[in-house]
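Q: Following is a predicted model, sequence given first.
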2 protein chains.
Amino acid sequence: MTTIKDVAKLAGVSISTASYALNDSPKVSKKTKERILRAGKELNYYPNGNARNLKNRKTGNVGVFIYEFAGPIFSDVLDGIHKRLQESGLNIIVSSGTSSVNLLLERQVDAAVIFDDRLEDVNILHYGEMGYPVFVLDRNLKGKNIYSSKIDNESLVKDFIQKKIKEGYSDFGYLSGPLDSYNNNHRFIGFKQALESEGIKDFQYFQGNFTIHGGFDVGVEIAESKDRPSFVFCANDESAIGLIQGLKSKGISIPGDVAVAGFDNITLCDYIDPTLTTIGIDHYSWGKRVAESIIAILKKKKPVDVYNPIGSIIQRESC
Amino acid sequence: MTTIKDVAKLAGVSISTASYALNDSPKVSKKTKERILRAGKELNYYPNGNARNLKNRKTGNVGVFIYEFAGPIFSDVLDGIHKRLQESGLNIIVSSGTSSVNLLLERQVDAAVIFDDRLEDVNILHYGEMGYPVFVLDRNLKGKNIYSSKIDNESLVKDFIQKKIKEGYSDFGYLSGPLDSYNNNHRFIGFKQALESEGIKDFQYFQGNFTIHGGFDVGVEIAESKDRPSFVFCANDESAIGLIQGLKSKGISIPGDVAVAGFDNITLCDYIDPTLTTIGIDHYSWGKRVAESIIAILKKKKPVDVYNPIGSIIQRESC
DNA sequence: TTGAAAGCGCTAACAT
DNA sequence: ATGTTAGCGCTTTCAA
């Protein structure tokens, strides 16, 4: 493997001069710099990142740790983060599962974005304690160097449901996500607040799991029930889409018999029949803003205000 | 920052003994090992990955370099790769754009999977030359340590179109992807082979770009044409979905007036109306198999047979 | 069973 | 403008 030593030897200079030249330092004369760079080209030299990172005490890598690679939401956030980091010459490293923990704790990244319910608090806290900035998305966590950016689930859902109540709906159902999901639980709070504020005491509760399949089963269950709600708010779009399919499979018409809404605004919303009304988050922009903050912290070495993503109602046919 | 030195000091042993203990070497006695591990816990010690990687001349990381983070195909391949690597204790590092090149050439990964048309051959070749194994997906590239795994586009498309010809279609169109796309070009070859083998001389050619939007425009164009093909084969599902929407927007019925098929079997195929007949690749399994091969190469230090993914016709309503 | 010391490839302070 | 050298944090050979 070619090292800086080989380059220095071929160019007939010392290692340090080679290093200066390769890092484009003004200290070295134009002539020798050229000679060194030519030697580097000739030997196909590239610096060993591990050695550089060790010496520099920084890697130039930003880690983004997600729950899984599938999923429309992650993709959009990732594309946003990636775009912004690339403009600033930082590398993006996306990982998941146990890899995430390894890369974090072994300090192979200079900063991290956590978008993964399963990654344990203790690891995030420890990484922050070591002096590295971390952004946690959709998660409540406080600690040294920890920044939390979250969707304002309560207000968004509350406003939306209040609007639907004013449109005349009164007989609601809530299709829940997993009970340990931050987003689900806060959306549920907003849902209940809306009913309460409008004096509606009762609603039906359905347990789902954020998946199309889980939503389908609930759809069938509701279709066969004698006491169907006239409006089901679903904690995310995927379960709403499953719900619609379950209802349709039993001949229920939407929104006539049962109105449905979701949360997230994934691509599928536009393709299902009827198209799905939902609360949309601009995930791409969210990613860009988070990356923006990380860059600022890394460059200026000082804390920064967090940006919380903005949501809006995307009115379609399903309610 | 806590280093191995701090742990050694607290445990009252030398650095080397600490290192042995932390790496669970049998050389060190049970009593001292315990003491060292306890010291490590107390100090919240984690090894510095860059230092370890430098010394070991390996990182335990496998890089997967993709064209973009959005896209249903990448997600499934990634999930497959991730699952298998995690079982083997290897870290997955996913990246894109200039980051990919940096991570590769700086040797921050022990092996790589390239699923990105834009990543230049020269960088891949150089990485292979340095002794690292690389899997290139859907790409023709030969070189040291380079393994190429690809969909058998020609046969799949040829068989499919021949089948459709036997079902009675004869008036075909081809909706192309970008002209520099490996997959598009090989699918086109298979398409032409099928027509030729069945004695069909003519077909219409439409230029698309693999996107829904691009497909839509062609759909409108075809709808307004006087000489509509009765069957349009699209080089991927997204353009097929756009095509369907474009045709429908002008009142063309599918498959009655124009039959449509795609390639990939993305989730949306099941949600569009009519549902889309396509050629499906099991991307998740593909990812697992590729990871399997990488693990074998890394462990056994010797070449391995490449696995090419299997495809099959997914018959739905659109043709 | 434990410790001393060299060295992985690089950067940068310091000396020339 | 260029060279010498220490050292980043770790592993491992060699000696005790």
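A: Perfect, I can see it now.

Q: for stretch A:94-110, which positions count as buried?
A: If you call a residue buried by 16 or more other Cβ atoms under 10 Å in any protein chain shown, then stretch A:94-110 has these buried ones: A:94-97, A:99-110. C-beta coordinates here come from the backbone N, C-alpha and C atoms, glycine included.

Q: how about the residue in the stretch 201-319 of chain A that chain B sits nearest to, what does it touch?
A: Relative to chain B, the nearest point of the stretch 201-319 of chain A is residue A:271 (4.5 Å; Cβ to the nearest Cβ). When contacts are counted by Cβ atoms under 8 Å, 6 or more residues apart in numbering or on different chains, residue A:271 touches B:241, B:268, B:271-272.

Q: what does the stretch 51-200 of chain A have sitting close to chain B?
A: A:51-54, A:59-61, A:68-72, A:74-76, A:78-79, A:82, A:85-86, A:90-99, A:102-103, A:105-108, A:126, A:129-131 (Cβ under 8 Å from any Cβ of the partner chain).

Q: Of the residues you listed, which belong to helices?
A: A:51-54, A:72, A:74-76, A:78-79, A:82, A:85-86, A:98-99, A:102-103, A:105, A:126, A:129 (DSSP state H).

Q: filter those residues down to the ones near DNA strand D?
A: Of the residues in these, proximity to DNA strand D by Cβ under 7 Å from any atom of the strand holds for A:51, A:54.

Q: what about residue A:296, distance to residue A:84?
A: Remark: distance between residue A:296 and residue A:84 (Cβ to Cβ, to the nearest Å) = 11 Å.

Q: of those two, who's got more company?
A: Counted by other Cβ atoms under 10 Å in any protein chain shown, residue A:296 and residue A:84 do not tie: residue A:84 has more neighbours, with 21 against 16.

Q: Any idea which residue of chain A lies closest to DNA strand D?
A: residue A:16 (3.0 Å; Cβ to the nearest atom of the strand).

Q: three-state assignment of that residue?
A: helix (DSSP: H, G, I helix; E, B strand; the rest coil).

Q: Run a quick neighbour tally on it.
A: Neighbourhood size, residue A:16 [other Cβ under 10 Å]: 13.

Q: With residue A:263 instead?
A: Other residues close to residue A:263 by other Cβ under 10 Å number 27.

Q: Residue A:87 now?
A: Residue A:87: 12 neighbours (other Cβ under 10 Å).

Q: how near is it to residue A:70?
A: According to Cβ to Cβ, residue A:87 and residue A:70 sit 27 Å apart.

Q: can you tell me which residues contact residue A:149?
A: Contacts for residue A:149 (Cβ under 8 Å, 6+ apart) come out as A:135-137, A:286, A:290, A:306-309.

Q: oh sorry, the question was meant for residue A:236
A: Here residue A:236 is in contact with A:177, A:183-184, A:210, A:262-264 (Cβ under 8 Å, 6+ apart).

Q: Show only the entries of these found in helices.
A: Per DSSP H, the contacts of residue A:236 map to helices at A:183-184.

Q: Now name the helix or strand holding residue A:40.
A: helix A:30-43 (DSSP states H and E).

Q: just to revisit the earlier point, can you tell me the closest non-neighbouring residue to the residue of the stretch 201-319 of chain A closest to chain B?
A: residue B:271 (4.5 Å; Cβ to Cβ, 6 or more residues apart in numbering or on different chains).

Q: List phi and psi for the one you found.
A: For residue B:271, the backbone dihedrals (degrees, to the nearest 10) come out as phi -110, psi -20.

Q: before we move on, what about the one 10 residues further on?
A: With angles defined as degrees, to the nearest 10, residue B:281 shows backbone torsions of phi -110, psi 140.

Q: Report the beta-bridge partners for residue A:135.
A: Beta-bridge partners recorded for residue A:135 (DSSP bridges): residue A:113, residue A:147.

Q: Hmm, it is touching residue A:141, no?
A: No - Residue A:135 lies out of contact with residue A:141 (Cβ atoms under 8 Å); the separation is 10.4 Å.

Q: what residues do the two have in common as contacts?
A: Joint contacts of residue A:135 and residue A:141 (Cβ under 8 Å, 6+ apart) are residue A:148.

Q: Look at these two and report which has more neighbours.
A: Set residue A:135 next to residue A:141 and count neighbours by other Cβ under 10 Å: residue A:135 wins out with 25 against 14.

Q: per-residue confidence at the more buried one?
A: With respect to pLDDT, residue A:135 has a value of 98.

Q: Could you pull up the residues touching it?
A: A:111-114, A:147-149, A:290, A:293-294, A:306.

Q: What of residue A:106?
A: B:46-50, B:52.

Q: quick one, phi psi at it?
A: Dihedral angles (degrees, to the nearest 10) for residue A:106: phi -80, psi 0.

Q: Now neighbour count, pLDDT and distance to chain A too, for the contacts of residue A:106, in CSV please.
A: Below are the contacts of residue A:106 laid out as CSV (neighbours: other Cβ atoms under 10 Å in any protein chain shown; pLDDT from 0 to 100; distance: Cβ to the nearest Cβ, whole Å):
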residue, neighbour count, pLDDT, distance to chain A
B:46, 20, 97, 4
B:47, 19, 97, 6
B:48, 21, 98, 6
B:49, 25, 98, 3
B:50, 25, 98, 4
B:52, 18, 98, 7
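
Q: Just give me how far stretch A:52-65 sits from the chain centre.
A: 21 Å (Cα atoms, centre = their mean, to the nearest Å).

Q: That stretch close to DNA strand C?
A: Yes - residues of stretch A:52-65 are located near DNA strand C by Cβ under 7 Å from any atom of the strand, namely A:52, A:54-56.

Q: mind giving me the domain split of chain A?
A: For chain A, the structural domains run A:1-45, A:59-148+A:284-309, A:153-281, going by automatic domain parsing.

Q: Figure out which of the ones you listed is closest to residue B:195.
A: With Cβ to Cβ as the criterion, residue B:195 lies closest to domain A:153-281 of the domains of chain A, at 31.1 Å.

Q: same question for that closest one, mean pLDDT?
A: 97.

Q: ok, so what distance separates residue A:62 from residue B:128?
A: Counting by Cβ to Cβ, the gap from residue A:62 to residue B:128 is 27 Å.

Q: more crowded one of these two?
A: When neighbours are counted by other Cβ under 10 Å, residue A:62 and residue B:128 differ, and residue A:62 comes out ahead with 28 against 20.

Q: by contact count, what packs against the top helix by length along chain A?
A: Determined from DSSP H, the single longest helix within chain A is helix A:283-300. Here helix A:283-300 touches helix A:72-87, strand A:111-115, strand A:134-137, strand A:146-149, going by 3 or more Cβ pairs under 8 Å, 6 or more residues apart in numbering or on different chains; DSSP states H and E.

Q: and chain A, which of its residues are near DNA strand C?
A: Near DNA strand C, when you scan chain A using Cβ under 7 Å from any atom of the strand, you find A:1, A:3-5, A:15-16, A:19-20, A:22-23, A:45, A:47-48, A:51-52, A:54-56.

Q: Can you pull out the low-pLDDT segments for the stretch 1-150 of chain A?
A: Across the stretch 1-150 of chain A, nothing is flagged by pLDDT under 70.
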